[in-house]
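Enquirer: Okay, predicted coordinates and the sequence, questions at the end:
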Amino acid sequence: MSEPTREATGDPSAADPGAPGPDDAPSGLQAEPLPGQRAAAAPGAGPASVDGLPPGARTSRPVLVVDYGAQYAQLIARRVREADSYSEVVPASASVAELLARDPAAIILSGGPSSVYADGAPLVEADLFEAGVPVLGICYGFQAMARALGGDVARTGLREYGGTDAQLEPVQETDAAPGSVLLDGQPETQSVWMSHGDAVRSAPPGFTVTASTPGAPVAAFEDRERRLFGVQWHPEVKHSTFGQQVIENFLRGSDVPAGWTTAGVIDEQVERIRAQVGDARVVCGLSGGVDSAVAAALVQRAVGDQLTCVFVDHGLLRAGEAEQVERDYVEATGVDLVVVDAETQFLAALAGVTDPEEKRKAIGREFIRSFEGAAAGLVARAGEEGAEVRFLVQGTLYPDVVESGGAVHGGTSATATIKSHHNVGGLPDDLQFELVEPLRTLFKDEVRAVGAELGLPEAIVARQPFPGPGLGIRIVGEVTRERLEVLRAADAVVREELTEAGMDRSIWQCPVVLLADVRSVGVQGDGRTYGHPVVLRPVSSDDAMTADWSRLPHDLLARISTRITNEVDEVNRVVLDVTSKPPGTIEWE
Ligand SMILES: Nc1ncnc2c1ncn2[C@@H]1O[C@H](COP(=O)(O)OP(=O)(O)OP(=O)(O)O)[C@@H](O)[C@H]1O
Ligand SMILES: O=c1[nH]c(=O)c2[nH+]cn([C@@H]3O[C@H](COP(=O)(O)O)[C@@H](O)[C@H]3O)c2[nH]1
Ligand SMILES: NC(=O)CC[C@H](N)C(=O)O
Ligand SMILES: [Mg+2]
């Protein structure tokens, strides 16, 4: 158990008498009412939606996204919301009758890991296409639609992962039907993002093929009369250049009403938090990052001083980070903060551990032990009248849940576990806290928008993400204090140079990874070295679900490489990771 050891920073007036306190912070965690907030129906007007959308949204007919185990199902719903239409994700186990009972304005069939011709693959019942509801199939959903309606799907041996050029096919225009609905207004060749090994070999009867790629001769099709559409690529990822337009063309071409916005999320979540927490005391894991800052701001708005934030200094932080949270963050937001010094416990838990998932679980467990220690400290501080702390607020986002293979449909999940994020899949089984996670169904850019509306300072809202397990998942091999020091020094050089080059906003983040179990021969000062490589992993992304490697200027890379090999003794080689996501992930572990 860890003890809260550096509690003094918790009082903002102690840190700076002029700083606004929790009750009057104008730009901090207590923010002004939102301008232009969309009118929402009374809270609780409908059943809890799977993605926590505002109640007002439920007055619209939904665009249902049927989830076949896609990494991107929620992202599809998110893009529909971005097109101002209300959307919810539903599991593939929902029957056609259940889907239609929701009176959907349209249905989107997601991608998924299965092959439509394999035993046990989730299939689409052909009745769905007879109901007069417009349908868009994406990747697996496209293949499933093709198969259900009499097309041919097979493993062709032509796999496509990452960026590809799609060639639009000419579509005959008639008076009754214009050219392609889905690809209307788009250039003949466009860059699309793909992730498939199967392909549609022939479109079903009645469908027109509207695009092809080198690996997918039938890369898009549509039956304009029945309003059935499909694409092999992923229009929901930002790396598909005209992806959003594909989705908007589908929605508007299918007469799905626009008018839903995400602004109501704040009101909805504040209501939910009040209902969940009542007058109980709450701790919030605060990292200095965007997500926990926004989560804390929402909870602060909902239950005010029932909230205490807990920052865990686990020894896996970057240079200067603990100070930044303890001083700058408290000053900017006026939050009530307890700091837990838990380096010893975390390093002990990581001793001898090299497997990435084991590391993540060990870190997740230690986080909870630290929160428990802090909660016990709070109870002791409050004396007799201090009730136990039952609730833990985390800034969990939807990508954390998806990658952890998390269940968003009440227990079952078809999503593969990519990595256990410490705050989701890494949580210990004996967790005693009830979780409060107001951002669990949102993406980073949505969270940033919520944070900005709540009045959080730009410096916090625009920060690059940094994973909770910190440098612990950027050392490939065992994590030790010495290795952490090496990585911290290399990372500090990279961050300094990126800031100096003015690139903090143009890249999403730039993990620096120490290959601690790899050595290579170098020559320095006429002598032989046998040191470790570090990997630079600069990426661009909008939501961390997909990413591309950032093309950093060569002279900047050269400066970083020279400085690291000069300044960090143990490192004699600097390499650049040029892998997109997929197939790579952003972090190496
Ligand atoms: N050092 C820490 N101390 C306390 N809580 C933490 C710490 N690191 C992470 N957490 C908790 O885990 C959650 C998930 O971490 P994550 O890094 O995804 O979010 P974040 O740090 O809030 O935002 P960002 O993605 O911008 O880094 C956080 O929102 C926070 O609740
Ligand atoms: O708080 C976190 N806890 C974790 O366990 C974790 N793992 C990855 N990340 C961050 O999530 C985003 C996607 O990362 P990956 O492509 O590596 O999955 C990137 O922004 C990563 O930095 C984490 N954040
Ligand atoms: N991303 C997907 O939906 C993939 C669909 C199918 N499993 C394929 O490999 O082609
Ligand atoms: Mg973080």
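Expert: Looks like it arrived, so ask away. As the structure is a prediction and not an experimental result, all values here were calculated from the model. Ligands and ions are numbered 1, 2, ... in the order given.

Enquirer: Any residues of the stretch 1-150 of the chain in contact with ligand 3? List them.
Expert: Applying C-beta under 6 Å from any ligand atom, we find that the stretch 1-150 of the chain lies next to ligand 3 at 111-115, 139-140. For glycine as for every other residue, the C-beta is placed from the backbone atoms N, C-alpha and C.

Enquirer: any idea which helix or strand carries the residue in the stretch 401-550 of the chain positioned nearest to ligand 4?
Expert: Closest contact between the stretch 401-550 of the chain and ligand 4, by C-beta to the ion, is at residue 466 (4.4 Å). Using DSSP states H and E, residue 466 is not contained in any helix or strand.

Enquirer: what do you get for residue 503?
Expert: Going by DSSP H and E, residue 503 is not part of any helix or strand.

Enquirer: What pairs with the strand or helix carrying residue 533, parallel or antiparallel?
Expert: Under the criterion of DSSP H and E, residue 533 resides in strand 527-536. Strand partners for strand 527-536, identified by DSSP bridges, are recorded as strand 512-515 (antiparallel), strand 520-524 (antiparallel), strand 571-576 (parallel).

Enquirer: Check those strands for me: which has the lowest mean pLDDT.
Expert: Ranked by mean pLDDT, these end with strand 520-524 at the bottom, a mean of 95.

Enquirer: Turn the strands paired with strand 527-536 into CSV, columns for distance to ligand 2 and mean neighbour count.
Expert: Shown next, in CSV, are the strands paired with strand 527-536 (distance: least, C-beta to the nearest ligand atom, whole Å; neighbours: other C-beta atoms under 10 Å):
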stretch, distance to ligand 2, mean neighbour count
strand 512-515, 11, 23
strand 520-524, 25, 12
strand 571-576, 17, 19
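
Enquirer: and those strands as TSV, adding distance to ligand 4?
Expert: Output for the strands paired with strand 527-536, formatted as TSV (distance: least, C-beta to the ion, whole Å):
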stretch	distance to ligand 4
strand 512-515	16
strand 520-524	31
strand 571-576	24
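
Enquirer: Please identify which of the ones you listed is closest to residue 564.
Expert: Closest of the strands paired with strand 527-536 to residue 564 is strand 571-576, at 5.4 Å (criterion: C-beta to C-beta).

Enquirer: Pull the distance from the closest one to the chain's centre.
Expert: The chain centre lies 29 Å from the centre of strand 571-576; the measure is C-alpha atoms, centre = their mean, to the nearest Å.

Enquirer: Now that strand - C-alpha only, CSV.
Expert: Output in CSV follows, covering the C-alpha atoms of strand 571-576 (Å, rounded to 0.1, in the frame of the first residue of the first chain):
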residue,chain,number,x,y,z
VAL,A,571,22.7,4.8,-26.7
ASN,A,572,24.7,4.5,-29.9
ARG,A,573,22.0,4.2,-32.5
VAL,A,574,18.8,6.1,-33.3
VAL,A,575,16.2,4.5,-35.6
LEU,A,576,12.9,5.8,-37.1
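
Enquirer: what's the neighbour count on the closest residue to ligand 4 within the stretch 151-300 of the chain?
Expert: Residue nearest to ligand 4 within the stretch 151-300 of the chain: residue 289 (3.3 Å; C-beta to the ion). Residue 289 is flanked by 19 other residues according to other C-beta atoms under 10 Å.

Enquirer: That one touches residue 463, doesn't it?
Expert: Yes - with contacts counted by C-beta atoms under 8 Å, residue 289 reaches residue 463, the gap being 6.2 Å.

Enquirer: Please report the distance of the residue lying closest to the residue of the stretch 401-550 of the chain closest to ligand 4 once chain neighbours are set aside from residue 457.
Expert: Excluding the flanking residues, the one nearest residue 466 by C-beta to C-beta, 6 or more residues apart in numbering is residue 289, at 5.9 Å. Distance from residue 289 to residue 457, counting by C-beta to C-beta, to the nearest Å: 14 Å.

Enquirer: likewise residue 166?
Expert: From residue 166 to residue 457 the distance is 42 Å (C-beta to C-beta).

Enquirer: cool, and residue 448?
Expert: Residue 448 is 12 Å from residue 457, by C-beta to C-beta.

Enquirer: returning to what we had before: check contacts around the residue nearest to residue 466.
Expert: Applying C-beta atoms under 8 Å, 6 or more residues apart in numbering to residue 289 gives the contacts 395, 463, 465-466.

Enquirer: Close to ligand 1: what parts of this structure are there?
Expert: Neighbours of ligand 1 within the chain, by C-beta under 6 Å from any ligand atom: 285-287, 289-292, 310-312, 394-395, 400, 423, 463, 465-468.

Enquirer: one more time with 8 Å
Expert: Within reach of ligand 1 by C-beta under 8 Å from any ligand atom, the chain has these residues: 284-295, 310-314, 317, 325, 340, 367, 370-371, 393-397, 400, 421-423, 444, 463-468, 470.

Enquirer: which of these count as buried?
Expert: Taking 16 or more other C-beta atoms under 10 Å as the criterion, what is buried in these is 284-295, 310-314, 317, 325, 340, 367, 370-371, 393-397, 400, 421-423, 444, 463, 465-468, 470.

Enquirer: Where strands are concerned, which of these count?
Expert: 284-285, 310-313, 340, 393 (DSSP state E).

Enquirer: Show me the two of those residues that sit farthest apart.
Expert: That would be 313 and 393, which, of those, are the farthest apart (C-beta to C-beta) at 18.6 Å.

Enquirer: And the strands in the stretch 201-350 of the chain, which stretches?
Expert: Using DSSP state E, counting those that start in this stretch, the strands found in the stretch 201-350 of the chain span residues 208-213, 216-223, 228-231, 281-285, 307-313, 337-341.

Enquirer: Of all the ones you listed, which one is nearest residue 73?
Expert: Closest of those to residue 73 is strand 228-231, at 15.2 Å (criterion: C-beta to C-beta).

Enquirer: hmm, the helix or strand where residue 193 lies in reach of ligand 2?
Expert: Assigned by DSSP H and E, residue 193 falls within strand 189-202. No - Strand 189-202 does not reach ligand 2 (C-beta under 8 Å from any ligand atom); its nearest approach is 14.1 Å.

Enquirer: pLDDT on that strand, on average?
Expert: Taken as a whole, strand 189-202 carries a mean pLDDT of 94.

Enquirer: Show me what secondary structure element comes after the strand holding residue 533.
Expert: Downstream of strand 527-536, the next assigned helix or strand under DSSP H and E is strand 539-540.

Enquirer: show me where pLDDT drops low in the stretch 251-400 of the chain?
Expert: Filtered on pLDDT under 70, the stretch 251-400 of the chain yields the residue ranges 260-263, 384-386.
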